[in-house]
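> Fold the stuff below for me.
(one chain, ligands or ions: 1)
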Amino acid sequence: MKAIRACVSILALLAMGVTALPGQITAIRAGQLVDPASGTTARDQIILVENGKITAVGPAVPIPKDAAVVDLSKRTVLPGFFDTHTHLCLNLETQGGQGLPALIRSLLAATAIESTAYRSIEGVANALEMLQAGFTTVRDVGNAGNYADTALRRAIEKGLVPGPTFVNAGRIIGPYGGQFHGLPPERADIAIPEYLYADSPDEIVKAVRQNVAFGARVIKIAVDDQPYLYSVDDVKLFVKAAADAGVKVAAHCATDAGAKIAAEGGVASIEHAYQATTPTLELMKAKGVYLVGTDFTTQASHEMGMDEYHGYVVERLKRAYQVGTPIAFGTDVVFVMPGQTRGTLSIEFISSFVEAGATPKQILQALTVNAAKLMGMEKERGSIAPGFAADIVATPENPLQNIQTVRNVAFVMKGGKIYRND
Ligand SMILES: [Zn+2]
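Purely as a prediction, here's the structure:
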């Protein structure tokens, strides 16, 4: 019984993160250290961590005598992963293979039935699951009730609950109706608070400001989910209003027409772009617009009721790599599966990249440095180097040799705190 209690309390401690005292130095012995940017491996490295940041990396770094030593000499160490398209404050009762209308009904049900308080608790649970799978940073792109995401971000930043560094979008901004089709006229406001409707230039500026005032750190717009699309000028206005507030714009685009408009309008990333043609992918490359493909696995496509999407995303991902479009990893997981966590379901999306012919180096870059650049964090996170946040994971094997090993993360440190050490 005592042993069980001890075990439970260690688990509880790890869930909250093992905190080093201020000034306490942690020394990590890395058997292999992978640098995703160069796609190279260094052997037998020492990483020193102090006050949440990496202070030294190298083969002959002296270990201070009072340092806490973490032995990862049998592991491969690499930067923590990013998921740049999450919805942590949303668990959908999807109906596997039932089609897009069923999915929209599920979202409508979540909107209508679940309180924002409950949605933020879902967010807390999902945030821990993401962290334990190796995701140390996420960009959460809306569908969080009435700003459950802002509450979650604040709680993570304060250290009240464990979770990845969390950049949230608040309410998704879309033209009238948001992403719901066929709303009953008596209940047109049922899509609120998931969406902010904005149609005219004044409404666009106001929606961005309102969102930022309520804690959004990125703006998410739905460009083409209604028969009436935003125009290039509309998108440019979103980008300007967001930039004035110090944030970037992510654009939901399912169609090629929508993706082309968003790219011309200069957004930071295009989400999904399932039907993007090669000229549109080339335009994205020319404009430096990231593809966040939410590249559904076969299983995820089925769960979301969109079986045919898996084929689309693999084929589109293949073309995007041929063109050289910048690519950041992003998943869009909102469904629940027994025996899986939000984190394990999300990291499985690397399978679609493998199917598209991406190399392990390209996949690791999408998971780390590329995502950091998209989020404007490339000087703070996504690499293991002095001055960077100590967001560090370790895998049983070297992912440059076997990329599937990223699905079995055995060690997670975020901001110098250890959240997992198997
Ligand atoms: Zn999404």
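> contacts, neighbours, all on C-alpha from now
Fine.
> distance between the ends of stretch 218-238?
11 Å (C-alpha to C-alpha, to the nearest Å).
> mind listing what's buried in it?
By 16 or more other C-alpha atoms under 10 Å, the buried positions in stretch 218-238 come out as 218-226, 229-232, 234-238.
> likewise stretch 61-75?
Ile63, Ala67, Ala68, Val69, Leu72, Ser73, Arg75.
> possible to save those residues as CSV with pLDDT?
Formatted as CSV, these follow (pLDDT from 0 to 100):
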residue, pLDDT
Ile63, 97
Ala67, 96
Ala68, 96
Val69, 97
Leu72, 98
Ser73, 98
Arg75, 98
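> Now do the same contact list for Gln24.
Glu50, Asn51, Asp66, Ala67, Ala68 (C-alpha atoms under 8 Å, 6 or more residues apart in numbering).
> Find the pair from those with maximum spatial separation.
Asn51 and Asp66 (14.8 Å; C-alpha to C-alpha).
> tell me which element the residue nearest to Gly324 when sequence neighbours are not counted falls in.
Of all residues not flanking Gly324 in the chain, Lys285 sits nearest, at 6.6 Å (C-alpha to C-alpha, 6 or more residues apart in numbering). Using DSSP states H and E, Lys285 falls within helix 278-287.
> I'd like the C-alpha coordinates of that helix written as CSV, please.
Provided in CSV are the C-alpha atoms of helix 278-287 (Å, rounded to 0.1, in the frame of the first residue of the first chain):
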residue,chain,number,x,y,z
THR,A,278,0.4,23.4,-57.1
PRO,A,279,0.3,27.1,-58.3
THR,A,280,-1.2,28.0,-55.0
LEU,A,281,1.5,26.1,-53.1
GLU,A,282,4.0,28.0,-55.2
LEU,A,283,2.4,31.3,-54.3
MET,A,284,2.5,30.3,-50.6
LYS,A,285,6.3,29.6,-51.0
ALA,A,286,6.8,33.0,-52.7
LYS,A,287,4.9,34.8,-49.9
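> Just the pLDDT for the residue nearest to Gly324.
With respect to pLDDT, Lys285 has a value of 98.
> Tell me the secondary structure at Ile54.
strand (DSSP: H, G, I helix; E, B strand; the rest coil).
> picking up where we left off before, could you give the number of residues near the residue nearest to Gly324?
Neighbour count of Lys285, defined by other C-alpha atoms under 10 Å: 19.
> Check the one 4 residues further on too.
Neighbouring residues of Val289 were enumerated by other C-alpha under 10 Å; the total is 24.
> ok, now Met337?
11.
> Which of the three states applies to it?
coil.
> Could you measure from it over to Met304?
Distance from Met337 to Met304, by C-alpha to C-alpha: 12 Å.
> what's the answer for Val141, then?
17 Å.
> With neighbour numbers in mind, choose between those two.
Val141 (29 against 25).
> Check whether the more buried one really touches Leu90, as I assumed.
No - assessed by C-alpha atoms under 8 Å, Val141 is found out of contact with Leu90, at 11.0 Å.
> quick one, helices of the stretch 51-200 of the chain?
100-113, 116-132, 148-158 (DSSP state H, counting those that start in this stretch).
> Output the ones you listed as a markdown table; include the columns mean pLDDT and mean neighbour count.
Below are these laid out as a markdown table (pLDDT from 0 to 100; neighbours: other C-alpha atoms under 10 Å):
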| stretch | mean pLDDT | mean neighbour count |
| --- | --- | --- |
| helix 100-113 | 84 | 17 |
| helix 116-132 | 97 | 22 |
| helix 148-158 | 98 | 21 |
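> Quick one, which of those helices gets closest to Thr368.
Among these, helix 116-132 sits nearest to Thr368 (C-alpha to C-alpha), with 14.3 Å.
> just checking, what packs against the closest one?
helix 148-158, helix 342-347, strand 417-421 (3 or more C-alpha pairs under 8 Å, 6 or more residues apart in numbering; DSSP states H and E).
> Turn the ones you listed into TSV, including distance to Thr297.
Output for the helices and strands packed on helix 116-132, formatted as TSV (distance: least, C-alpha to C-alpha, whole Å):
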stretch	distance to Thr297
helix 148-158	26
helix 342-347	9
strand 417-421	26
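> closest one to Ala30 among these?
strand 417-421 (13.4 Å).
> And that closest one, how far out from the chain middle?
20 Å (C-alpha atoms, centre = their mean, to the nearest Å).
> Let me see the mean pLDDT of that strand.
97.
> To what extent is the residue lying closest to Asn421 once chain neighbours are set aside buried, counted in neighbours?
Nearest residue to Asn421, sequence neighbours excluded (C-alpha to C-alpha, 6+ apart): Phe411, at 4.4 Å. Residues near Phe411, counting by other C-alpha under 10 Å, number 23.
> Let's see the pLDDT reported for Phe411.
98.
> can you offset everything so residue one is 44?
Taking 44 as the first residue, the last one we looked at is Phe454.
> where does the stretch 44-193 of the chain dip in pLDDT?
44-60, 62-64 (pLDDT under 70).
> change it to 80
44-66, 138-140 (pLDDT under 80).
> Outside of stretch 403-421 itself, list whatever touches it.
79-80, 82, 122-127, 182, 311-312, 333, 369-372, 393, 396, 424-426, 442-446.
> From the residues you listed, which land in strands?
Pro122, Phe124, Phe125, Asp126, Thr127, Arg182, Ser312, Tyr333 (DSSP state E).
> Can you pick out the most distant pair from these?
Pro122 and Ser312, at 22.0 Å, using C-alpha to C-alpha across the ones in strands among the contacts of stretch 403-421.
> count of neighbours near the closest residue to Asp350 other than its chain neighbours?
Excluding the flanking residues, the one nearest Asp350 by C-alpha to C-alpha, 6+ apart is Ser344, at 4.8 Å. Counted with other C-alpha under 10 Å, residues neighbouring Ser344 total 19.
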